[in-house]
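sequence and predicted structure below; questions after.
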Amino acid sequence: MNHIKQSFGFVVILVLAFGPPLVNAQSEEELVGIPAKAQEVCAACHGLDGNKSMTPDTPKIGGQASDYLAEALEQYKNGMRNHPIMGAMAAGLTSQDIQELSNYFASQTSQLFSKY
């Protein structure tokens, strides 16, 4: 189990190290209206629109319901959802950050599909 945590941590470090240049490659016009926290924190793993999974277990959050996203972030922040990376990412978010992020990602087009 410890090996899995170390491997996961290494992947996250790589994503965070190499993810931000991908975000910075966007023009300033393309970044207008995107919350700063989404650009600085979320995009490294979820992509700017929430639909780019950097690892197989990173969920696509673009187009998810705003109240679901807000509740999930609150649970990561207060420890009710146990995930070392998301817990650390959510720990510094304010209530306003959570609301802005939830609304922003909910407004994106979902790339999740149902066959029904």
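Everything's here; your move.

spell out the residue ranges of the helices in this protein.
2-24, 28-31, 36-37, 43-46, 66-78, 84-91, 95-106 (DSSP state H).

mean pLDDT lowest for which of the ones you listed?
When these are ranked by mean pLDDT, helix 2-24 comes last with a mean of 51.

and residue 56, what does it touch?
By CB atoms under 8 Å, 6 or more residues apart in numbering, residue 56 lies in contact with nothing. Glycine gets a C-beta too; all of them are placed from N, C-alpha and C.

brain fart, residue 101
By CB under 8 Å, 6+ apart, the residues touching residue 101 are 35, 37, 38, 42, 69, 73, 93.

are any of these buried, and which?
35, 37, 38, 42, 69, 73, 93 (16 or more other CB atoms under 10 Å).

still on that earlier bit, looking at the contacts of residue 101, which is nearest residue 100?
Closest approach to residue 100 among these (CB to CB): residue 35, at 4.5 Å.
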